[in-house]
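# Sequence and predicted model, in that order:
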Amino acid sequence: MLDDVAWTWRQRCAPDHPASASPAAVGAALRERWEQQEGVTPGLGRGAEGDAGFEMLEPLLAVRGAILHALGQHGQRADHLLGVVRAARKAGSLTHASAALHDHKLAVSEAKAGAPTHSTAALMLRAVDARREEAKLLWARGQRELAASVGQHILRGLGAAVQGAERAGTGHGRGAYGEMLYLTGKWLRQTHLESPRTVLREFLAISVVELEQAARAARGQQAGGRSGGQVGRTTGLASHAHEPPYRAGGA
């Protein structure tokens, strides 16, 4: 845990360091460093099985968030906190998840304050991720109809944003839109708020199209040297969207 603090200090402040790195460079290096440490990257389903597992992991995640805050890397801290929300929710630690979601919203506000105008799309997708996690927390608490309603609300705003991006030729948000269609459709089916026919036609069928197009775009980015992580995630969701929607399942 303290290794990260010492490493960051050496990069930024050590008098014998040949050239102190910028906060942004240190933040990027930290992300790579953490991703290489198996079992401690939040939101990936590793190292936090059950509430007891997350309780052991939480102090380390808190230190990492504090380091990013000290570096002024608010966007990266927001992403980190959203990972904490996911890890806590999946571990059943809903109180921790709610607290991390609150901190995430504050970090997003700080990130917006210093963000260049060209990052508007990234901030929009970050907000969608947060709202989706908020809906998943409602579902986990048993407020299922409310979660489905929030999902529909997210879809209305996200759908308009995706259409605008499509007109602009950027394609931003298509993957997030497909994911939200799939999730909301599943929730509407399980809460019986919509008929199976409506869920299939207006949610799951469209999610297949959106996710497959997003997967093709992601593969193109990978061919251009981008990371393949999103390719696997998007392709996997597209495969799930082909499955019959009539089985019970969680969020």
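Everything's here; your move. Since we're looking at a predicted model, the values are computed, not measured.
# What residues sit buried inside the one helix or strand Ala66 maps to?
For Ala66, the element it lies in under DSSP states H and E is helix 50-70. Going by neighbour count (16 or more other Cβ atoms under 10 Å), the buried part of helix 50-70 is 53-54, 57-58, 60-61, 64-65, 67-69. Any C-beta I mention is one placed from the backbone N, CA and C, and that applies to glycine too.
# Could you do stretch 201-214 as well?
Applying a neighbour-count criterion of 16+ other Cβ under 10 Å, one finds 203-204, 206-208, 210-214 buried in stretch 201-214.
# average pLDDT across stretch 70-85?
For stretch 70-85, the mean pLDDT works out to 87.
# going forward, begin numbering at 3 instead of 1
All right, first residue 3 from here; so that's stretch 72-87.
# Buried residues, it. List them.
Buried, per 16+ other Cβ under 10 Å, within stretch 72-87: 73, 75-87.
# what do you get for stretch 148-157?
149-154, 156-157.
# Just the ones of the buried residues of stretch 72-87 in helices?
Counting by DSSP state H, the buried residues of stretch 72-87 place 76-87 in helices.
# Distance to Ala101 for the residues you listed - can I get that in CSV?
Below are these laid out as CSV (distance: Cβ to Cβ, whole Å):
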residue, distance to Ala101
His76, 18
Gly77, 20
Gln78, 19
Arg79, 15
Ala80, 15
Asp81, 17
His82, 14
Leu83, 10
Leu84, 13
Gly85, 14
Val86, 9
Val87, 9
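# Okay, now the unreliable bits of the stretch 103-252 of the chain?
116-125, 167, 169-173, 223-252 (pLDDT under 70).
# residue ranges for the helices of the stretch 153-253 of the chain, please.
176-193, 198-201, 207-225, 231-243 (DSSP state H, counting those that start in this stretch).
# Among those helices, which comes closest to Leu127?
Proximity to Leu127, assessed across the helices of the stretch 153-253 of the chain by Cβ to Cβ, is greatest for helix 176-193 (5.6 Å).
# so the closest one versus helix 207-225, what angle?
150 degrees (axes from the mean of the first three to the mean of the last three Cα atoms, to 10 degrees).
# Pull out the buried positions in helix 176-193.
176-192.
# just stretch 103-120 next, same as before
Here stretch 103-120 shows 103, 105-106, 109-110, 112-114 as buried, counting by 16+ other Cβ under 10 Å.
# quick one, what contacts Glu136?
By Cβ atoms under 8 Å, 6 or more residues apart in numbering, the contact set of Glu136 is 103, 152.
# meant to ask about Ala132, not that
Going by Cβ under 8 Å, 6+ apart, the list of residues near Ala132 reads 84, 87, 103, 106-107, 110.
# Farthest-apart pair in those, please.
Once Cβ to Cβ is applied, the contacts of Ala132 give Val87 and Val110 as the farthest pair, at 12.2 Å.
# Which residue lies closest in space to Ala129, excluding its sequence neighbours?
Counting by Cβ to Cβ, 6 or more residues apart in numbering, Val110 is the residue found nearest to Ala129 once chain neighbours are left out, at 6.7 Å.
# name the element the one you found belongs to?
Using DSSP H and E, Val110 sits within helix 96-115.
# Give me the contact list for that helix.
The contact list for helix 96-115 (Cβ under 8 Å, 6+ apart) reads 56, 60, 67, 71, 76-77, 79-80, 83-84, 86-87, 90-91, 125, 128-129, 132, 135-136, 139, 142-143.
# same thing but at 7 Å, please
56, 60, 76-77, 79-80, 83-84, 86-87, 90-91, 125, 128-129, 132, 135-136, 139, 142-143 (Cβ atoms under 7 Å, 6 or more residues apart in numbering).
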